[in-house]
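In: Provided below are the primary sequence and the corresponding predicted coordinates.
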Amino acid sequence: MNQNNPSARHSGLDPESSRNNIGALCAPLDTRLRGYDVKLYRCRINNWIPACAGMTKSVVNGLSVMNKFALPLLFAALLGTLAPAQAAETPLPERLQQIVELQRRADKLAFGGLGSDHYHLAKARTWLDLATSEYHQTDNSGIVDAAIGQAKALLDALENRRDSISMETPMQLQGSEAVRQDLWEKITVLKGDAKFTCGQRQLAEAEVQLVWTGHEKAESGWSHAQSYARGVENLVYEAQVAIANCGGEAGRKVIEKYVLSTDTLFAFDSAELIPGATARLDRLADTVKGWHSAESVTLVGHTDRYGPPAYNQKLSEQRAERIRQYLIGKGIAPERIRSGGAGSTQPLVTCPTALSKQEQVSCLQPNRRVEIILRGSGQ
């Protein structure tokens, strides 16, 4: 959720002063924000987490003035400084340590040439996101170990450079059940498209999150799992558009993605805008209007992992819809704007439970966001 637990508020935490308390490693995570290729960072272990999260927030909010080559160099230098501190890390529980080690292996592959959009690597990372989330929920259905096993098998194959890695994804694992056959069929068709690679990351994430949806249904019923299914629908839709627009010839449709931190937009535990938020949304509205023949704007809300999943899903949807209504009020046609939420199912960063609640909330800040996906003919 986005700070929807009063005990999770920052309450005096000073990210600036915590920058000097270096005892952690931030592992890089490829992404694309505001048209720049940048590296965000997965924050893990010990007391330097708030500083890492603060730097990540700066990347998101100040990207327009940052050189796209300066960011990787900055963080690469930072990682080199922090490497010796790993030896002093507090030991993690065995299963969580296994997840962290697999995440590091995945990060190494991503920056070793595969890239974060690679189908099998994206799938492995999403399995690890599932395992991490359910581990923190103290799930005992077997889904955590099953997801770890799926991720490990993929990473082993990638590291060993196996020529043929299966494209199949199990529709259900221990602790889950098969759901939404219609979405599985759409994914199968898209995976068979000649331009599949243009939407491979979204499809890999969609497959795993569909298994995740089946787990939520088995655990809490379909009314609860529907919110997870909507997140899968959004990913499949993004994959369809990416594949349809593959090639990038002049005049064809393009996708541009913006990310806004909800901490800078909304009041505590609500979908009400805070003072200063309107200036950011005004700039967004001007950007959308500047696109010639803009076809659509898709808003997807995201929360961190604190709070019940159903609550987080509702909050993410309400915040995305609030931005939608604001953009409509600025003259953008309602039929061109679609809003939805993914709750806490698509995190950008993961953080250890050994941290204090305040440190975890600060570390998880990048997950509390609204993604704005613009589709049109270009500027």
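Out: Cool, the structure landed. Residues are numbered from 1 along each chain as shown.

In: okay, helices next: where are they in the protein?
Out: Taking DSSP state H to define them, one finds helices in the chain at 15-18, 49-61, 70-82, 94-109, 119-136, 143-159, 181-191, 200-220, 222-244, 277-289, 309-329, 357-363.

In: pLDDT weak spots in this protein?
Out: By pLDDT under 70, the low-scoring segments of the chain are 1-90, 247-255, 268, 291-294, 376-379.

In: the helices of the chain: which one's closest to residue 263?
Out: helix 49-61 (7.8 Å; Cβ to Cβ). In short, each C-beta sits where N, CA and C put it, glycine included.

In: neighbours of residue 129, how many?
Out: 24 (other Cβ atoms under 10 Å).

In: look up how far residue 304 lies from the closest residue to it other than its chain neighbours.
Out: Distance criterion Cβ to Cβ, 6 or more residues apart in numbering; nearest residue to residue 129, sequence neighbours excluded, is residue 347 at 6.0 Å. Using Cβ to Cβ, to the nearest Å, residue 347 is found at 7 Å from residue 304.

In: again with residue 188
Out: The value you get for residue 188 to residue 304, if Cβ to Cβ is used, is 33 Å.

In: with neighbour numbers in mind, choose between the two.
Out: Using other Cβ under 10 Å as the criterion, residue 188 and residue 304 rank with residue 304 on top: 28 against 13.

In: number of nearby residues for the closest residue to the more buried one other than its chain neighbours?
Out: In space, and not counting its chain neighbours, residue 304 is closest to residue 364: 4.0 Å by Cβ to Cβ, 6+ apart. For residue 364, the neighbour count with other Cβ under 10 Å is 27.

In: before we move on, the earlier item: could you dump the helices of the chain to a markdown table with distance to residue 338?
Out: As requested, the helices of the chain are arranged in a markdown table below (distance: least, Cβ to Cβ, whole Å):
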| stretch | distance to residue 338 |
| --- | --- |
| helix 15-18 | 34 |
| helix 49-61 | 22 |
| helix 70-82 | 31 |
| helix 94-109 | 31 |
| helix 119-136 | 23 |
| helix 143-159 | 30 |
| helix 181-191 | 18 |
| helix 200-220 | 16 |
| helix 222-244 | 9 |
| helix 277-289 | 13 |
| helix 309-329 | 8 |
| helix 357-363 | 30 |
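
In: mind checking those for the one nearest to residue 259?
Out: Nearest of these to residue 259, taken as Cβ to Cβ: helix 49-61 at 5.5 Å.

In: residue 162: neighbour count?
Out: 11.

In: next one: the one 3 residues further on
Out: Residue neighbour count, defined by other Cβ under 10 Å, stands at 16 for residue 165.

In: do the same with the one 3 residues further on
Out: Number of residues near residue 168 (other Cβ under 10 Å) recorded here: 9.

In: could you do residue 351 as well?
Out: Residue 351, neighbours per other Cβ under 10 Å, totals 27.

In: now the spatially closest residue to it that is not a sequence neighbour: how far from residue 273?
Out: Nearest residue to residue 351 in three dimensions, chain neighbours excluded: residue 363, at 3.9 Å (Cβ to Cβ, 6+ apart). Between residue 363 and residue 273 the computed distance is 25 Å (Cβ to Cβ).

In: which one's more surrounded, these two?
Out: Just comparing residue 363 and residue 273: by other Cβ under 10 Å the higher neighbour count belongs to residue 363, 28 against 17.

In: separation between the more buried one and residue 264?
Out: Distance from residue 363 to residue 264, by Cβ to Cβ: 17 Å.

In: and for residue 154?
Out: 36 Å.

In: now residue 308
Out: For residue 308 relative to residue 264 (Cβ to Cβ), the value is 25 Å.

In: next: residue 364.
Out: Residue 364 is 15 Å from residue 264, by Cβ to Cβ.

In: how close does the nearest residue to residue 179 once chain neighbours are set aside sit to residue 330?
Out: Once flanking residues are discounted, residue 179 sits nearest to residue 214: 4.6 Å by Cβ to Cβ, 6+ apart. Note on residue 214: its distance to residue 330, by Cβ to Cβ, is 40 Å.

In: if you count surrounding residues, which of these two has more?
Out: Taking neighbours as other Cβ under 10 Å, residue 214 and residue 330 compare with residue 214 leading, 24 against 15.

In: the more buried one contacts residue 177, doesn't it?
Out: Yes - counting by Cβ atoms under 8 Å, residue 214 does reach residue 177; the two are 4.8 Å apart.

In: between residue 154 and residue 264, who's got more neighbours?
Out: For residue 154 versus residue 264, neighbours defined as other Cβ under 10 Å are more numerous around residue 154 (25 against 15).

In: verify the stated contact: the more buried one with residue 124.
Out: Yes - Residue 154 lies in contact with residue 124 (Cβ under 8 Å); the separation is 4.0 Å.

In: and the gap between residue 230 and residue 320?
Out: 11 Å.

In: spit out the residues that contact these two alike.
Out: 340, 341 (Cβ atoms under 8 Å, 6 or more residues apart in numbering).

In: what about these two, which has more around it?
Out: The neighbour count for residue 230 versus residue 320, taken as other Cβ under 10 Å, is higher for residue 320 (25 against 19).
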